[in-house]
Each structure stands twice: as structure tokens, then as C-alpha cells.
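Engineer: next comes the sequence, and after it the predicted model I'd like to discuss.
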Protein chains: 2
Amino acid sequence: MAENKATNITWHEGHVTRDARSALLKQKGATLWFTGLSGSGKSTIAFTLEHALVQRGRLAYVLDGDNIRHGLNKNLGFSAADREENIRRIGEVAKLFADAGAITMTSFISPYRKDRDIVRALHAEGKLPFIEIHVATPIETCERRDPKGLYKKARAGQLKNFTGIDDPYEAPLQPEFTLDATSTSPQEAAVQLINYLEKQGLIGG
Amino acid sequence: MAENKATNITWHEGHVTRDARSALLKQKGATLWFTGLSGSGKSTIAFTLEHALVQRGRLAYVLDGDNIRHGLNKNLGFSAADREENIRRIGEVAKLFADAGAITMTSFISPYRKDRDIVRALHAEGKLPFIEIHVATPIETCERRDPKGLYKKARAGQLKNFTGIDDPYEAPLQPEFTLDATSTSPQEAAVQLINYLEKQGLIGG
């Protein structure tokens, strides 16, 4: 039976087209780049959206510290050069995932405008949608929550170069989307983002 | 309407499970690692298989020089350390793709056993299938074909450290699969690999 099915196979020199992948997955690949302070709610929103999309039969995948810092970027530290390379590599991987047709979410503080703009340019080059989502929860809220106890350590001087304390966070000037976890639940954020993806024609309504 | 659909969204703390992705995509993520000399036929087989899988409604994606060397690995050269890092990064990206549920193919000479074994170990750690495919076309055939004119340059001394000429190719000792493009067309190779993927339960029959 496999023999029969296989008689349709033709010899191809190059990659499957993006259109063929879109038709298969019934969606268009895109990168949703979440940026914001530690504790702002980036990952919770990204995971809530990932589950919601997969429940709707859409392929979504989150790149975050868990699967990147211990893998691809485990040979990078926290120097300025390494932080820049960290974001560059994540941007390149997100671009590959988007090219493969996935709704790709990245959840990293990514505090520097220049680094995010490099990733935006990479996507523009590849004609792939780049949706910058500023999770603009005020630092007071982030610090009060402090889910990993990092602000406490930073205030005590045990963590140096902590974003928002002794290292700058450069807010996006023209993000595609802004959310504030103080006033918006992760579920509400996911609904808003799904509506946005529908309006952009990236997923079906 | 989106509001209605969205009422089912629940708040999740972590990644969508691999099982949920498998159910969605009707396949299990895996890495098919093609290794072999320049001109052995790795890319042609990988692309033929990619097209065949997508035609069957399966998500497949090829990582190759085109989308890796000019992107993620554009800051790597050809020193021993950079070659090792090149393969390591490709292995980590393949692992992410396989984790996301894709049948992922990599098409790189990847001449050193140690580097390939590192990638195999990465996949074992992540409980993801790693299928090493040795495209064992004899060097005489590869050199006669010489699709990119590289053997000619290497013989003329214009290219140094060329695999098979003045740099070793370490053949896999226990590859999951061996192909020889002299006796097997890309289409036949794709059929054999599809049968293998079916037998392994990675794609439906």
C-alpha cells in the first residue's frame, strides 16, 4: 500500500513552499515576540495562548528560558555581547519556526530595543510576520509578585545588572500589541491576541 | 464569535504536552539526520522526502545550509571549534523542531562521529527519536557528479580541509539507515524512509 501511495512522489530540488505549508496547517507562520520585565506575565500569557491555539487545532510553540537557555544558548553568559547573541539566536530560531508554519511565541525579557529591532529586521527580510507584544505590567506590580524571588535578590545586591533595577528596560516604541497583566488576565490576553491573529489573517476565524 | 469560542480557554502554567501535539499533527516529532560526503545526495533525498510527507499531510521541515549557514550560524567559520559548534546548534534546533512535533530533516556533511553522537545524546536526553541516515554514496561517484564544482577546487588545492580529500569523513558505525544514491533514486529513498517512519509508528500508515 505504501508502494502505491508512493508512486505520486516526485523529485524536488528545494524546500516545500510556504504556501503549501500554510495550506497544510491552515495558518500562516508568524513570530509573537513577548517582551517585558521579569514577573510581568510574559510566559503565563504565552502558555495560555499556546494551549488555546492548540485546542483550536493550530500549531503553536513557545521558545522560553526552559528550552533555550539549557540547550541552544547554554554556552552564553550574561555579558553584553552574550545577551545580544542570545536574542539574535532566539530570533533566528523563531524565524525558522515561523518559516515552517508555526505560530511561534518567544518569552524573554529582551530589554534592549536594538536587539529586538534586529530580530524584526530578520523577519522582514524573510517576509515573515513579527508581532512585538509589550507586556507592560508596571515594575511595582512585578516586584510585588516576584514569583522567582529575583527582585528581592537584586535589591539586596545579590543579583547584578537586573533589568528594571540596575539595568535598563527599553520599552518598544511601536509595539504591535501592549498588554498589562494588572488589568488583563492571561485568558483575556489570549482572547485579544487570538482576535488579532484572526484579523491579520494568520489563523482562520 | 471569537468571544464564545474563547470561553473554553483555561490558564496553563507550562508547555503544551508532546502528546497533545502528536494528536494535533497525527505524527510524532523526530529528527532524521542525513550525513554523507558533499555530492552524495543528502539534500535531494531530504527535499524529496519533505515534499512526499507534506503531500501526505505530515509536517516536515529541512534544516540545511541555506537556512542555517546564512542565519543562525552566520557567525561561525570553519575552524575545528566552529565546526563543532555548527553541528551542536543544528542539533539543538532539530531537537526543538522535533519537540514541536515536526519530522525534522537535517542535511549537512557532519563528518565527525563525535559531533553526531553529541546530537544523538541530546535527543536521547529529550526522549526524542534520532534517526541517523548515512548517505553512503562512494566518493568516486560524488566526485564525478561534483554538482557544485567543489571537488575540482579541492583537488586543485583551492579549497583546504575538504571532507574526503584532505579532511576525514567518519562514517557512522551504527546508523539507523544507510542509502547509496548510486543504486537508489531519491524517490526510492523517500519511499524506504516513509516505510521506516511508518514502522516506527512516527507517522500513520
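Structural biologist: Structure's in. What do you need?

Engineer: just the CA trace of the lengthiest helix in chain A, in PDB.
Structural biologist: In chain A, with assignment by DSSP state H, the single longest helix is helix A:80-99. Written as PDB, here are the backbone C-alpha positions of helix A:80-99 (Å, rounded to 0.1, in the frame of the first residue of the first chain):
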ATOM      1  CA  ALA A  80      26.600  42.500  26.800                       C
ATOM      2  CA  ALA A  81      27.900  40.500  23.800                       C
ATOM      3  CA  ASP A  82      26.400  37.300  25.000                       C
ATOM      4  CA  ARG A  83      23.000  38.900  25.800                       C
ATOM      5  CA  GLU A  84      22.900  40.300  22.200                       C
ATOM      6  CA  GLU A  85      23.900  36.900  20.800                       C
ATOM      7  CA  ASN A  86      21.200  35.200  23.000                       C
ATOM      8  CA  ILE A  87      18.500  37.300  21.400                       C
ATOM      9  CA  ARG A  88      19.900  37.000  17.900                       C
ATOM     10  CA  ARG A  89      19.900  33.200  18.100                       C
ATOM     11  CA  ILE A  90      16.400  33.100  19.500                       C
ATOM     12  CA  GLY A  91      15.300  35.400  16.700                       C
ATOM     13  CA  GLU A  92      16.800  33.200  14.100                       C
ATOM     14  CA  VAL A  93      15.200  30.100  15.600                       C
ATOM     15  CA  ALA A  94      11.800  31.900  15.800                       C
ATOM     16  CA  LYS A  95      12.200  32.800  12.100                       C
ATOM     17  CA  LEU A  96      12.900  29.100  11.200                       C
ATOM     18  CA  PHE A  97       9.800  28.000  13.200                       C
ATOM     19  CA  ALA A  98       7.700  30.700  11.500                       C
ATOM     20  CA  ASP A  99       9.000  29.700   8.100                       C
END
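
Engineer: and it, how far from the chain's centre?
Structural biologist: Helix A:80-99 sits 10 Å away from the centroid of its parent chain (Cα atoms, centre = their mean, to the nearest Å).

Engineer: ok, residues contacting it?
Structural biologist: The contact list for helix A:80-99 (Cβ atoms under 8 Å, 6 or more residues apart in numbering or on different chains) reads A:18, A:29-31, A:33, A:61, A:63, A:68, A:72-73, A:76, A:104, A:106, A:108, A:110, A:112, A:115-116, A:118-119, A:122-123, A:126, A:128-129, B:61, B:63, B:67, B:71-72, B:75, B:89, B:93, B:96-97, B:100. (Each C-beta comes from the backbone N, C-alpha and C, glycine too.)

Engineer: mind running it again at 6 Å?
Structural biologist: By Cβ atoms under 6 Å, 6 or more residues apart in numbering or on different chains, the residues outside helix A:80-99 that reach it are A:29-31, A:63, A:72-73, A:76, A:104, A:106, A:110, A:115, A:119, A:122-123, A:126, A:128, B:71-72, B:93.

Engineer: can you name the element that comes right after it?
Structural biologist: strand A:103-107 (DSSP states H and E).

Engineer: adjacent strands (with direction) for that following strand?
Structural biologist: strand A:30-35 (parallel), strand A:60-64 (parallel) (DSSP bridges).

Engineer: pick the most buried one from the ones you listed.
Structural biologist: strand A:30-35 (a mean of 27; mean count of other Cβ atoms under 10 Å in any protein chain shown).

Engineer: run the chain-centre distance for it.
Structural biologist: On Cα atoms, centre = their mean, the centre of strand A:30-35 falls 4 Å from that of its chain.

Engineer: likewise for stretch A:184-202?
Structural biologist: Centre-to-centre, stretch A:184-202 and its host chain are 14 Å apart (Cα atoms, centre = their mean).

Engineer: alongside chain B, which residues does chain A contribute?
Structural biologist: Counting by Cβ under 6 Å from any Cβ of the partner chain, the positions of chain A adjacent to chain B are A:2, A:6, A:9, A:11-12, A:14, A:16, A:20, A:24, A:47-48, A:50-52, A:54, A:61, A:71-72, A:92-93, A:100, A:186-187, A:190-191, A:195.

Engineer: list buried residues within the residues you listed.
Structural biologist: Among the residues of chain A next to chain B, those classed as buried by 16 or more other Cβ atoms under 10 Å in any protein chain shown are A:6, A:9, A:12, A:16, A:24, A:47-48, A:50-52, A:54, A:61, A:71-72, A:92-93, A:100, A:186-187, A:190-191.

Engineer: next, count neighbours for A:Arg144.
Structural biologist: 10 (other Cβ atoms under 10 Å in any protein chain shown).
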